[in-house]
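> From the sequence below, what's the structure:
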Amino acid sequence: MKHVSDLSRFGLFDAKVPRFTSYPPANWFSEDITADHVRTWQSTAPEDAEISLYVHIPFCRRLCWFCACRTQGTRNDAPLAPYVDRVLAEAARVRAGFGAGVRVRRLHLGGGTPTILSAALLDRLLTGLHAVWGFDHIDAFSVEVDPTDVGPARLAMLARHGLSRASLGIQDFDPQVQAAIGREQSQALTQGVVDDLRGLGIGALNFDLLYGLPFQTAQTLDATLRAALAMTPARIALFGYAHVPWMSKRQSLIPTDALPKPQARLALFDQARRTLLGQGYIQIGIDHFARPDDPLTRAFHGRTLRRSFQGYTDDTAPWLVGLGASAISTYPQGFAQNIPVTGKYAAQVDAGAPAVWRGYGLSSHDRRKADLVEQLMCYHAATLNAEQRADAGIMADIARIAAHFEGAVTWDGARLEIARWAQPLVRLITVQLVTPAQDTQAERTYSAAI
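Numbering: from 1, shown residues only. Sure thing, here's the model as predicted:
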């Protein structure tokens, strides 16, 4: 690969940085933000505000070793129905904080494994949410689907409630890789779920793939990618596996000596990127690829692409209400996160109390900086407005970036742009926009390599 030596010179292969999804990162959240703050934020929403709903289902039938998400294993269905009831109870209390005219435009079920819920429980959840919030104006309803824990009845129920997009976790189809990450999922099984979804009229499918996995090679990744492309997904998220066993104990089951080295990881990503571009996909940000007619691509070209705690999105609603254990809500004034432990979440809801655990209030400086981080993560370039140029702290950060990454970025006093060959450095560059006092070494847990 060209420019590998330059990328190495800037520390790409040995630096550790926070894995930004949005600014500020969630590890800045504190318990200083309380339910009282959130109630105030909700009360300021206009009567006709358009909001998005996110419902977190934390349960999984199995705990895949590669996953570092906040999940909880369960071998039976006993905790599922009580959890659904508590989400609905929380939904009713949160709804009361908004004006009567607010409209839900988007709904997303994430996890964990949302499709661990039976068809009856999915019906209970979705019917209950509709009764509380009203879905008459909904534009998009998406669900994360585990092909190994779903069936025709559950898919049909989701379709009955208006499912418009499904995200399927694949990771890798190679049997040796699957065995090493605790995720056995055949190509035939996945194809069957794809066929079932399309048979129900749901054509907008997203696939999640991983690179940097144990025993993964250029040949195995290429085979996985081509098998996935044969199923013609609308989007592919090509995430880099982050090996952080000190944060996710289950990852200690993964053989570290079988993981590709940082330079090999970058080569795997570059190979997959070239394959996807060759098949007509458009690269969106650092790790997403979409068909030219996909809404994400239209948002990219229309400069309305956003990056949130859910990743890249074309959702521009300033109010994202998160329901369920550990769910994060976004308001124009800041962020709020629910209690992550399901038992404590349940006790709080049963007591009739808000489920808010912690959060972060945004200052004007934060908003200006968040905009720059989002621009860089979405477009590898940022154009500063007058307020940003008048912010001495931001201008000092930009000057430091321009000096440290000389040759990799250009800065003309108003626009910072990362050279095409240097785009893998984007995490290293954006971390320079983090307040140094809060960017502790403990937060630098992820490899800077994409």
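> Flag the shaky bits of the stretch 1-150 of the chain, pLDDT-wise.
Applying pLDDT under 70 to the stretch 1-150 of the chain picks out residues 1-2, 16, 18-21, 68.
> From the chain's centroid, how far away is the strand or helix carrying residue 127?
Counting by DSSP states H and E, the element that carries residue 127 is helix 119-133. Mean-position distance between helix 119-133 and its chain equals 24 Å (CA atoms, centre = their mean, to the nearest Å).
> Kindly report the same for stretch 183-199.
Counting by CA atoms, centre = their mean, stretch 183-199 is centred 22 Å from the centre of its parent chain.
> try stretch 333-345
From the chain centre to the centre of stretch 333-345 is a distance of 17 Å (CA atoms, centre = their mean).
> So which bits of the following helix or strand past the helix holding residue 127 are buried?
For helix 119-133, the following helix or strand on the C-terminal side (DSSP H and E) is strand 140-145. For strand 140-145, burial by neighbour count (16 or more other CB atoms under 10 Å) applies to 140-145. For glycine as for every other residue, the C-beta is placed from the backbone atoms N, C-alpha and C.
> now strand 140-145 against helix 119-133, angle please.
Inter-element angle recorded for strand 140-145 and helix 119-133: 150 degrees (by axes from the mean of the first three to the mean of the last three CA atoms, to 10 degrees).
> How about residues contacting the helix or strand encompassing residue 107?
For residue 107, the element it lies in under DSSP H and E is strand 103-111. Strand 103-111 is touched from outside by 48-60, 69, 71, 129, 133-144, 310, 315, 317, with contacts defined as CB atoms under 8 Å, 6 or more residues apart in numbering.
> Put the buried members of those into a PyMOL selection.
Filtering these down to the buried ones (16+ other CB under 10 Å) takes a single PyMOL command:
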select buried, resi 49+50+51+52+53+54+55+56+57+58+59+60+71+129+133+135+138+140+141+142+143+144+310+315+317
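> Can you spell out which helices and strands pack onto the one helix or strand residue 90 maps to?
According to DSSP H and E, residue 90 maps onto helix 80-95. Helix 80-95 makes packing contacts with helix 119-133, strand 319-323, helix 342-350 when contacts are defined by 3 or more CB pairs under 8 Å, 6 or more residues apart in numbering; DSSP states H and E.
> Just the buried residues of that helix, please?
Residues 80, 83-91, 94-95 are the ones in helix 80-95 that count as buried (16+ other CB under 10 Å).
> what's the angle from that helix to helix 119-133?
Going by the same axes, to 10 degrees, helix 80-95 makes 10 degrees with helix 119-133.
> about what we covered before: residue 357: which of the buried residues of helix 80-95 is nearest?
Nearest to residue 357 among the buried residues of helix 80-95, counting by CB to CB, is residue 90 at 12.7 Å.
> Pull out the buried residues from stretch 63-81.
Neighbour counts over stretch 63-81 (16+ other CB under 10 Å) mark 63-68, 70-72, 74, 80 as buried.
> swap in stretch 98-118?
98, 102-118.
> cool, stretch 285-300 as well?
285-291, 294-297, 299-300.
> quick one: which of these sit in helices?
Within these, residues falling in helices by DSSP state H are 295-297, 299-300.
> Switch the residues you listed over to a markdown table; also include distance to residue 186 and pLDDT.
Formatted as a markdown table, these follow (distance: CB to CB, whole Å; pLDDT from 0 to 100):
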| residue | distance to residue 186 | pLDDT |
| --- | --- | --- |
| 295 | 30 | 97 |
| 296 | 28 | 98 |
| 297 | 30 | 98 |
| 299 | 34 | 98 |
| 300 | 33 | 98 |
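> can I get the residues you listed in CSV with distance to residue 211?
Formatted as CSV, those follow (distance: CB to CB, whole Å):
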residue, distance to residue 211
295, 25
296, 20
297, 22
299, 24
300, 22
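> and which of those residues is nearest to residue 5?
residue 300 (30.6 Å).
> So which of the buried residues of strand 140-145 is the closest to residue 7?
residue 144 (32.7 Å).
> list the contacts for the closest one?
109-111, 113-115, 166-167, 169.
> Return the set of residues that bridge with it.
Beta-bridge pairing of residue 144 under DSSP bridges involves residue 167.
> Now do the helices in the stretch 151-300 of the chain.
Secondary structure of the stretch 151-300 of the chain (DSSP state H, counting those that start in this stretch): helices located at 152-160, 175-181, 187-199, 218-229, 262-278, 295-301.
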